[in-house]
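show me how the following folds:
(one chain, ligands or ions: 2)
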Amino acid sequence: MNKKSYTELLEDLLEKISLFEKSDEVDELLREALSLIMGKSRSSLGTAYVYDDIQGELVFRVGFDHGDYWDRCRCGGCTPPERLALDNNEVGLAFQTGLIKMVNYDEPPHGFSLYSKIIIPITRGVEKEGVVIMMHQEQDAYSNVDLADLKSAVSLLGDMLAEASILLEQRAKIGHEKKITLPRVIKGIRTSRGVVEAKALPIWTDMEDAVENFPQAGSKNEELMLFTLARERSLEQLEKLTESLSSDEEDMVSLIFTAQLLMLKDMNFTGKIRKLIEEGKGAPRAVQIVVGEYADIFSAMSEVRLAEKAQDVRDLGFRLLNNMSESREEGFSYKNRIVLSRHIYPSDLYRLSVEGVAGLVLRGAAVTAHISILAKSLNLPVLITDDKALMLIEEGTPLILDGDKGELHINPDELLRKKLGLEKRARTQRGVYTLRGSTSDGTAVNVMANVNILKDAREAVKQGAEGIGLYRSEFPFIIKNDFLSEDQQYKIYRSIVATQKGKPVVLRTADIGGDKLMQGRQEAEANPFLGVRGIRFSLANRPMFREQIRAMLRAGHGADLRILLPMVSDVEEVVQAKEEIGQCMEQLEFRGVEFNRNPKVGAMVELPSAALSVADLAEETDFLSIGTNDLTMYLLAVDRTNDNLSHLYRSHHPTVLRVLNDIAREAEKCGTDLSVCGDVAGDPLMVPFFVGLGIRKLSVPPLSVEAVKTRLGQFTLEEAERTAREMLAIRKPSELEAYRLRFNESFEAVG
Ligand code: PEP
Ligand code: MG
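Ligands and ions are numbered 1, 2, ... in the order given. Below is the predicted model:
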């Protein structure tokens, strides 16, 4: 047996790598490496698979069979498969978990005398590269192997496989490898729920590629005519879109479209395109060149807000090109399409939704909380995926986007459509709900709505919400990526307040900062979640804060107005904000305009420091509202937007529950009005928990209002108190998880 460790053996081999040109000989090296490992462990069978991240499968690269098993096999199932799916098998599990798996057989598969097997995942740092699978004639053959040594040796092999996979990609490009086929389903991260069926509209081709697809340019006059027609069509489309908006929405959206409309009407822009056509360029090429120039100018601007406009110009470019395309007789439209894209700004999301897009799939995009919150408000299913296969989907491909499960089905069949109940969904109509919120034995609980855009406020009324428990006023700022004047804000807030017809309306001052950024409007921070966010931002930008407060006070005239301060960390911030509110009232008085003279002022309890100062905050405020989304994040130090940490982001963690209980106890002692407005306010298990703590106000997304009211009617006050006691007695997160699972099972069984 070789005395060297596995690592030493492979290190010797790796030294040779520099002697080789980086070419097909990588496979040769892999073969040698596998052979060395097999020799040292005296394995009889060995295979190495490399991960193909386009298909999400393992691909066979090299293998050795020292016992002619593959040739002798009668069943045909013994030769290593070309490709291995990762689902539901031990190889996939070892690959995904990065843990070595050993198997011993009493009765070896296929009747061969191979009694033990080892599956070694090949990793490079956090990257997963492939697996090595080996089989041995003896029982327990791998139990005495130094696993740490084997693992580190195989990691060296990972470097070679990384090379191999680069080659694989290169060969695929020059057509030597098997053609990549589209998978039937692409998996991703659920960002906003809902199931929709529509055709694909990929929008990542760069304009250069899009132009290549046009036929050869015609005569100058023909090309000029082509551009003129495309421009007219685009103008017509954009104008129609703006007109189709209701007057309330107009305010929000007009700025998003006006930039494009203005550009189309700009003689400089269109003149440059015409000039290029006159110089002999085809219309599509001329559009591409001029749009490219403008986009470059915007992109180079240091102010990100303006840099974002580059996207606007490119979008206009695509609209023009699409309107030139002969195949598009009906004109370009996002309506009823599932858009596949790379990056998205909140303004894009809003614009696409207004244009009637059915859903959105983003590739590898980092998604801010606001994008997902906004997508939910817009009722737009959004999926995020790293899967490169997304780029292979062609325009017009039939798709089903299942935002509930986080899946994109490509060319779905009738069976799947039935399974997902698409026809049924289409037929379901929502009514107007009026159910009052109370436990089954009559304890009243106010169920209010979280509102982000006007559409939510209308939905809240339809769903029978007892007012608005949280209006996130930063949304207009973020969608426009700009500040709004007092009057602009006033109009937006007024239309929101007006929907509630006297029911309470909680307007939260702008929670800008963290990941709710206005691009380019804020100083870059190393730790934005711990930076100038919420009330800190407002107090640091007093003129803006005052404009917002005046707009709120005016919009709340004659209404039950409550102003809520976000991200409060101590009572002084509340005192300062109240002073500003007082001064704003004096200014409005002086101006002689109508405004609410008696707004209630409250604070969000979403920072640990606020949770520990409830009594102080209660003394300075009229009400408190627990923001469980941030409270969970700051208590557990887990970023709410980091999907890799979603398993640690638990609002039902024992510590969080205890802090919630402490807040409720303190608030009760002070007799202060306390509500919960974070996402878990609508969780079927947390509803009785909160009621059990004595909380009588929950604010949830409009579409959850009815479900929460129904849930309230399923338990008595005593049962709620028992649930809270039981949950508070649990000390370990895993036990709470088990409690939750038990609850979910019984809840689903009953439901
Ligand atoms: C919260 O933090 O729970 C909350 C409701 O506020 P937002 O989600 O807007 O931060
Ligand atoms: Mg918050």
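
tell me which element the residue positioned nearest the centre of the chain falls in.
Relative to the mean C-alpha position of the chain, the nearest C-alpha, by Cα atoms, centre = their mean, is the one of Thr191, at 3.9 Å. Under the criterion of DSSP states H and E, Thr191 resides in strand 189-192.

which positions in that strand come out as buried?
Judged by neighbour count (16 or more other Cβ atoms under 10 Å), strand 189-192 contains these buried residues: 190-192. In short, each C-beta sits where N, CA and C put it, glycine included.

what about the strands in the stretch 201-350 of the chain?
Counting by DSSP state E, counting those that start in this stretch, the stretch 201-350 of the chain has strands at residues 337-341.

how about the residue of the stretch 651-751 of the chain found nearest ligand 2, nearest residue that isn't a chain neighbour?
When scored by Cβ to the ion, the stretch 651-751 of the chain has Gly678 as its residue closest to ligand 2, at 7.2 Å. With Cβ to Cβ, 6 or more residues apart in numbering as the criterion, Gly678 has its nearest non-adjacent residue at 2.8 Å, and that residue is Thr628.

next secondary structure after the helix or strand bottoming out on mean pLDDT in the chain?
For the chain, scoring each helix and strand by mean pLDDT, DSSP states H and E identifies helix 422-427 as the least confident one, at a mean of 52. For helix 422-427, the following helix or strand on the C-terminal side (DSSP H and E) is strand 446-451.

contacting residues around that next one?
Strand 446-451 is contacted by residues 437, 456-457, 459-460, 463, 465-472, 496, 504, 506, 675, 677, 696-702, 705, 708-709, 712 when judged by Cβ atoms under 8 Å, 6 or more residues apart in numbering.

that strand near ligand 2 at all?
No - contact between strand 446-451 and ligand 2, assessed by Cβ under 5 Å from the ion, is absent, since the two come no nearer than 10.8 Å.

pull the CA atoms of that strand into PDB?
What follows is strand 446-451 as a C-alpha-only set of coordinates in PDB (Å, rounded to 0.1, in the frame of the first residue of the first chain):
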ATOM      1  CA  ASN A 446     -58.800  44.500  15.300                       C
ATOM      2  CA  VAL A 447     -57.500  43.200  12.000                       C
ATOM      3  CA  MET A 448     -56.000  46.000  10.000                       C
ATOM      4  CA  ALA A 449     -54.000  46.200   6.800                       C
ATOM      5  CA  ASN A 450     -50.500  46.800   5.800                       C
ATOM      6  CA  VAL A 451     -50.500  49.100   2.800                       C
END
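
neighbouring strands - and their directions - for it?
If you go by DSSP bridges, strand 446-451 pairs up with strand 468-472 (parallel), strand 697-700 (parallel).

give me the helices and strands touching the next helix or strand after the first one, please.
Downstream of strand 468-472, the next assigned helix or strand under DSSP H and E is helix 474-480. The elements that helix 474-480 packs onto, with contact taken as 3 or more Cβ pairs under 8 Å, 6 or more residues apart in numbering; DSSP states H and E, are helix 247-265, helix 346-354, helix 369-377, helix 486-499.

export those helices to JSON lines and tack on mean neighbour count and mean pLDDT?
As requested, the helices and strands packed on helix 474-480 are exported to JSON lines (neighbours: other Cβ atoms under 10 Å; pLDDT from 0 to 100):
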{"stretch": "helix 247-265", "mean neighbour count": "17", "mean pLDDT": "68"}
{"stretch": "helix 346-354", "mean neighbour count": "22", "mean pLDDT": "76"}
{"stretch": "helix 369-377", "mean neighbour count": "22", "mean pLDDT": "73"}
{"stretch": "helix 486-499", "mean neighbour count": "20", "mean pLDDT": "93"}
